[in-house]
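Enquirer: coordinates only, sequence not included:
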């Protein structure tokens, strides 16, 4: 019998730096703190082994041969990558750091980085990744619940969230109030909510996002 897969994968710090001394020192520090680490000598090597579902963060050097750090950041963004990125740079370059942060980097650190500063940045990146993954999982679960609704139930849902009473919905949809009550009850059951207020709180962010 095949053993069950673990429910969660450990967060990993993915280090991409062309300098062996930096990779070795940073990996040793992070592992000494009990963190999982994977090291890569180039962006190309990282891309070849990249698993978009792997949780954690990316510790990324800025200046490297071939693809540089900013180009890898842009490439991952185009592919829909969500791994939080902490940049490491051999010098304090304000324009590059601004560009990296505007593109969503968690932090921009200058080598040699202070151990505690690096660890704090990694913890912040892990927290960001964890929250983002929870949000995506919740959104996926809600999408699955919504997909279970029939077209008529979706119509009733829209009217309920808009604040209409059963008799108003029945008039708009050309049916009787009792039928609306049945559809409404099924909507509440499928979406796993107990009240209209809960229903509105659940669905309103989607409505707002769709309109924006």
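Expert: Nice, I can see it. Given the structure is predicted, the values throughout are model-derived calculations rather than measurements.

Enquirer: which ones are touching the residue most central in space within the chain?
Expert: The C-alpha lying nearest the average C-alpha coordinate of the chain belongs to residue 132 (Cα atoms, centre = their mean; 3.3 Å). For residue 132, the contacting residues are 82, 84, by Cβ atoms under 8 Å, 6 or more residues apart in numbering. Bear in mind the C-beta positions are built from the backbone N, C-alpha and C, glycine included.

Enquirer: quick one, strands of this structure?
Expert: Along the chain, the stretches classed as strands by DSSP state E are 12-16, 36-40, 56-61, 85-89, 107-110.

Enquirer: Need the winner for burial among these.
Expert: Per residue and on average, the most neighbours among the strands of the chain fall to strand 56-61, with a mean of 25 (mean count of other Cβ atoms under 10 Å).

Enquirer: Now do it: which elements does it pack against?
Expert: In this structure, strand 56-61 makes packing contacts with strand 12-16, helix 69-78, strand 85-89, helix 115-147, judged by 3 or more Cβ pairs under 8 Å, 6 or more residues apart in numbering; DSSP states H and E.

Enquirer: mind putting the strands of the chain in TSV, mean pLDDT and distance to residue 175 included?
Expert: Supplementary listing: those in TSV, determined by pLDDT from 0 to 100; distance: least, Cβ to Cβ, whole Å:
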stretch	mean pLDDT	distance to residue 175
strand 12-16	95	54
strand 36-40	95	57
strand 56-61	94	52
strand 85-89	91	53
strand 107-110	89	57
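
Enquirer: can you list those strands in CSV and add distance to residue 167?
Expert: Shown next, in CSV, are those (distance: least, Cβ to Cβ, whole Å):
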stretch, distance to residue 167
strand 12-16, 56
strand 36-40, 59
strand 56-61, 53
strand 85-89, 54
strand 107-110, 56
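
Enquirer: Ok, which of those comes nearest residue 179?
Expert: The stretch from these with the least distance to residue 179 (Cβ to Cβ) is strand 56-61; that distance is 50.6 Å.

Enquirer: Show me where this protein dips below the pLDDT cut-off.
Expert: Low-confidence segments of the chain, defined by pLDDT under 70, span residues 1-8, 93, 205-212.

Enquirer: Mind splitting it into its structural domains?
Expert: Domain assignment for the chain by automatic domain parsing gives 12-136, 148-211.

Enquirer: Specify the residue positioned farthest from the middle of the protein.
Expert: residue 176 (43.3 Å).

Enquirer: Return the most buried member of the domains of the chain.
Expert: Looking across the domains of the chain with neighbours counted as mean count of other Cβ under 10 Å, the highest average goes to domain 12-136: a mean of 16.
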